[in-house]
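In: Kindly generate the corresponding structure for this input.
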Amino acid sequence: MRLTRVFVPGGSLRAHSKVTLPESAARHLIRVLRLKSGAALVLFDGSGERFDAVLGSNDGARLSVEVGESLGCETPPRIPITLVQAVARADSMDLIVQKATELGVGRIVPVITQRSVVRLDEERGKKRRRHWQAVTISACEQCGRNLLPEVEAPLSLDAYLDNVESGLRVVLDHATEPALSELPSPADAVTLLVGPEGGLTAEEVEAASRKGFERASLGPRILRAETAAIAAVTLAQSLWGDM
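Out: As a prediction, this is how the structure comes out:
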């Protein structure tokens with residue numbers, strides 16, 4: 001039987017200790033899953049390590065868990081992948097974040113581009129970031145991943161391009177000739193820049209190119225934003241990662 005996995009924030013998990021679960025997790029275990037005291041769990045805090053645990057007492061306000069032995073630490077990916085994703089509509093963006101997490105992306109950077117349908121001020125950006133972080137937690141609980149990906153606060157594409165990562169940088173452009181599979185193997189890291197529903201403008205692609213991004217396509221078909229992101233991450237993991 002597959003054990004219920006629960007995320008405990010704060011990096012506070014230690015073998016043979018006692019922790020209090022977050023209210024949302026406690027409510028889900030008791031009211032939705034109807035677990036009882038003594039039920040077996042697996043806990044993780046996003047750092048890579050996981051622990052066996054046993055559900056403890058519930059006094060109505062706080063649900064405690066007895067942490068047991070460490071079950072090992074997840075090996076970091078051979079080639080870290082950053083997904084720089086133009087913010088898409090709510091359901092599409094949630095799907096992108098969920099699947100990117102399942103596929104092992106280490107960092108997600110939401111950006112606002114010229115054709116982005118969704119516009120976020122600072123306050124809405126903070127709320128969406130918290131929501132996307134919750135999506136990554138749920139995805140990790142479901143897929144067995146113990147390394148929680150980092151979700152950055154949304155920013156403009158121009159602001160992002162002012163401080164890009166090292167490693168192989170790729171901007172997806174369906175109008176270009178080289179395919180992603182034809183690019184050289186990265187030495188240390190991969191960054192994938194994916195446009196919004198209407199795609200990146202020619203000016204944005206050129207701006208990324210000036211910052212060292214290689215133009216590449218995913219083949220002859222024009223893909224939806226969420227399909228392109230999932231396909232690009234999957235292909236990158238297959239070519240250079242751990243798939």
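
In: And the strands in the protein?
Out: 4-7, 18-20, 40-44, 49-58, 63-73, 81-86, 107-112, 150-151, 155-156, 168-172, 190-194, 214-216 (DSSP state E).

In: Any idea which of these gets closest to residue 179?
Out: Of all the strands of the chain, strand 214-216 sits nearest to residue 179, with 6.3 Å by CB to CB. Quick note: C-beta positions are derived from backbone N, CA and C, even for glycine.

In: strands paired with that closest one, and their directions?
Out: Paired neighbours of strand 214-216 in the sheet (DSSP bridges): strand 168-172 (parallel).

In: now the angle from the strand it pairs with to strand 81-86?
Out: 30 degrees (axes from the mean of the first three to the mean of the last three CA atoms, to 10 degrees).

In: Give me the distance between strand 168-172 and the centre of its chain.
Out: 18 Å (CA atoms, centre = their mean, to the nearest Å).

In: Quick check, residue 128 in contact with residue 120.
Out: Yes: at 6.1 Å, residue 128 counts as touching residue 120 under the criterion of CB atoms under 8 Å.

In: shared neighbours, the two?
Out: Shared contacts of residue 128 and residue 120, defined by CB atoms under 8 Å, 6 or more residues apart in numbering, are found at 87, 154.

In: Identify the residues contacting the residue positioned nearest the centre of the chain.
Out: Per CA atoms, centre = their mean, the C-alpha nearest to the average position across the chain is that of residue 101, at 3.7 Å. Listed by CB under 8 Å, 6+ apart, the contact set of residue 101 reads 135-136, 139-140, 143, 145, 149.

In: Show me what counts as buried in the lowest-mean-pLDDT helix or strand in the chain.
Out: Least confident helix or strand, the chain: helix 23-27 with a mean of 83, by mean pLDDT, DSSP states H and E. For helix 23-27, a neighbour-count test (16 or more other CB atoms under 10 Å) marks 25-26 as buried.

In: Identify the residues contacting that helix?
Out: The contact list for helix 23-27 (CB under 8 Å, 6+ apart) reads 6-8, 58, 62-63.

In: now the angle from the biggest helix by length in the chain to strand 107-112?
Out: The longest helix of the chain (DSSP state H) is helix 122-143. For helix 122-143 against strand 107-112, the angle by the same axes, to 10 degrees is 140 degrees.

In: For helix 122-143, name the packing helices and strands.
Out: strand 4-7, helix 90-102, strand 107-112, strand 150-151 (3 or more CB pairs under 8 Å, 6 or more residues apart in numbering; DSSP states H and E).

In: Can you say which of those is packed in most?
Out: With neighbours taken as mean count of other CB atoms under 10 Å, the helices and strands packed on helix 122-143 reach their highest mean count in strand 107-112, at a mean of 22.

In: List the residues that contact the closest residue in space to residue 129 that isn't next to it in sequence.
Out: Leaving aside its sequence neighbours, residue 129 sits nearest to residue 153 (CB to CB, 6 or more residues apart in numbering; 5.2 Å). Contacts for residue 153 (CB under 8 Å, 6+ apart) come out as 110, 125-126, 129.
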